[in-house]
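Trainee: A structural model of the following input is requested.
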Amino acid sequence: MLLRRIIVTCLALICFSTFAADKSYQDIVLKTYPDQQQTSLKNIAGDKPIYLKFWATWCQPCMEQMPHFEELQKKYQDKVNILALNININEEQPKIAEVISRFGLTMPVWLDNEGELGVALGLVGTPYSVLINRAGEVVYTSHESDANLDKFIDMLANGQELSAQTTDAPSPEQTAKLLKPWEQGEHLLFFTATWCDWYLAESRPEMSQACVAAQKDLDKLAQELPNKAWHGVVNHLWTDDKALADFKQLYPSRVDFSIDELGVLFNHFSIRNIPTLLWVKDGKVIERITDFSQPEQIVAKLKAAP
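Mentor: Numbering: from 1, shown residues only. A predicted model of the protein is given here:
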């Protein structure tokens, strides 16, 4: 457990990376909470900078940062558009309401419904703060809620036009390259996360147990369908090669696994629940399975497929 905490902490310190964020991210469709209306960053009224905080209800550091987040909202709401952006992975709507109530959050809450904005802004783990100047340029990103964040928000609030920074967002060429292997032929893609079994154990025990059961049964499914092209994809959030190696040792399987580089596959195939099994044919999803409680029915369904 200590090693896992170290991995999460180390990943949470990543602040800047190599690809400039295309300002077209402002057109990405999001949903408002709780009314589920479609919106985008361009729909924010007024000539103000923006502070986005990516979070999840099951993210422990996110909960620790919420009081400070609300303090910033009260202090700067007249000068900065402050938004709580839920990443919408393994999320439950009542849990969002509970967090809003517990911390008395007064800023707008939106959902990154398909995870597209997270990919565009280089999300590698929550909590993740993104500051955007009035020109629509990303000027600061951080996983910390500290004096540095306060300093940059204060500078934006007082009219300083900070220089654009870079984020770990995939270019169109990278995206096309990462999707190419799955655009031809038939594939069974199993999506999960190296952390869903242990990180969700306390906050979402049912989800954690579902991950454990599906990951333990995966090799049996693969044995029943040996002629299918199987591949496992683990979410890129809070994950590195060491975490993937530990995962493979804990859940040995003939199915080969890789990390979803830059979150491209999760975004492209709209994976918002972990675990998920997709039957993909020539790039199109033929079957989407999220209930692994009856493996024999999954096998029967996939065997009967033409």
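
Trainee: next structured bit after the helix or strand bottoming out on mean pLDDT in the chain?
Mentor: Sorting the helices and strands of the chain by mean pLDDT, DSSP states H and E puts helix 2-11 at the bottom, at a mean of 42. Along the chain past helix 2-11, the next helix or strand (assigned with DSSP states H and E) turns out to be strand 30-33.

Trainee: so for the helix or strand containing Leu149, mean pLDDT?
Mentor: When elements are defined using DSSP H and E, Leu149 is found to belong to helix 147-157. Summarised as a single mean, pLDDT over helix 147-157 is 95.

Trainee: contacts for whatever helix or strand comes next after that helix?
Mentor: Sequence order places helix 172-179 as the next helix or strand after helix 147-157, per DSSP H and E. Contacts of helix 172-179 with the rest of the structure, by Cβ atoms under 8 Å, 6 or more residues apart in numbering, involve 170, 261-262, 264-265, 268, 283. C-beta: built from backbone N, CA, C; applies to glycine.

Trainee: just the CA atoms of stretch 39-50, as PDB, please.
Mentor: What follows is stretch 39-50, C-alpha atoms only, in PDB (Å, rounded to 0.1, in the frame of the first residue of the first chain):
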ATOM      1  CA  THR A  39     -22.500  23.600 -22.600                       C
ATOM      2  CA  SER A  40     -18.900  24.500 -23.300                       C
ATOM      3  CA  LEU A  41     -16.200  26.900 -22.000                       C
ATOM      4  CA  LYS A  42     -17.200  29.400 -24.700                       C
ATOM      5  CA  ASN A  43     -20.600  29.700 -23.100                       C
ATOM      6  CA  ILE A  44     -19.200  31.300 -20.000                       C
ATOM      7  CA  ALA A  45     -20.300  35.000 -20.000                       C
ATOM      8  CA  GLY A  46     -18.000  37.900 -19.500                       C
ATOM      9  CA  ASP A  47     -14.400  38.700 -20.100                       C
ATOM     10  CA  LYS A  48     -12.800  36.700 -17.300                       C
ATOM     11  CA  PRO A  49     -10.000  34.200 -16.900                       C
ATOM     12  CA  ILE A  50     -11.000  30.600 -16.000                       C
END
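
Trainee: so how far is it from its chain's centroid?
Mentor: From the chain centre to the centre of stretch 39-50 is a distance of 22 Å (Cα atoms, centre = their mean, to the nearest Å).

Trainee: and stretch 67-87, by the same measure?
Mentor: 20 Å.

Trainee: just stretch 276-291 next, same as before
Mentor: Averaged over its C-alpha atoms, stretch 276-291 has a centre that lies 19 Å from its chain's centre (Cα atoms, centre = their mean).

Trainee: what is the end-to-end distance of it?
Mentor: Using Cα to Cα, to the nearest Å, the end-to-end distance of stretch 276-291 comes out at 8 Å.

Trainee: the strands in the protein, which residues?
Mentor: Counting by DSSP state E, the chain has strands at residues 30-33, 38-39, 50-55, 81-86, 109-111, 128-132, 138-142, 186-192, 230-234, 257-259, 276-281, 284-289.

Trainee: need these in CSV (columns: mean neighbour count and mean pLDDT).
Mentor: Rendered in CSV, the data for those read as follows (neighbours: other Cβ atoms under 10 Å; pLDDT from 0 to 100):
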stretch, mean neighbour count, mean pLDDT
strand 30-33, 18, 96
strand 38-39, 12, 94
strand 50-55, 23, 97
strand 81-86, 23, 98
strand 109-111, 21, 97
strand 128-132, 25, 96
strand 138-142, 22, 93
strand 186-192, 20, 97
strand 230-234, 21, 98
strand 257-259, 16, 97
strand 276-281, 20, 96
strand 284-289, 13, 94
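
Trainee: how about residues contacting the helix holding Leu149?
Mentor: The list of residues contacting helix 147-157 from outside it, by Cβ under 8 Å, 6+ apart, reads 49, 51, 72, 76, 79-80, 129, 131, 133, 139-140, 142, 162.

Trainee: tell me the two of those residues that are most distant?
Mentor: Taking Cβ to Cβ as the measure, those reach their widest spread between Lys79 and Ser142, a distance of 19.4 Å.

Trainee: hang on, the earlier thing: can you pick the most crowded of the contacts of helix 172-179?
Mentor: Looking at the contacts of helix 172-179 with neighbours defined as other Cβ atoms under 10 Å, the largest count falls to Leu265 at 24 neighbours.
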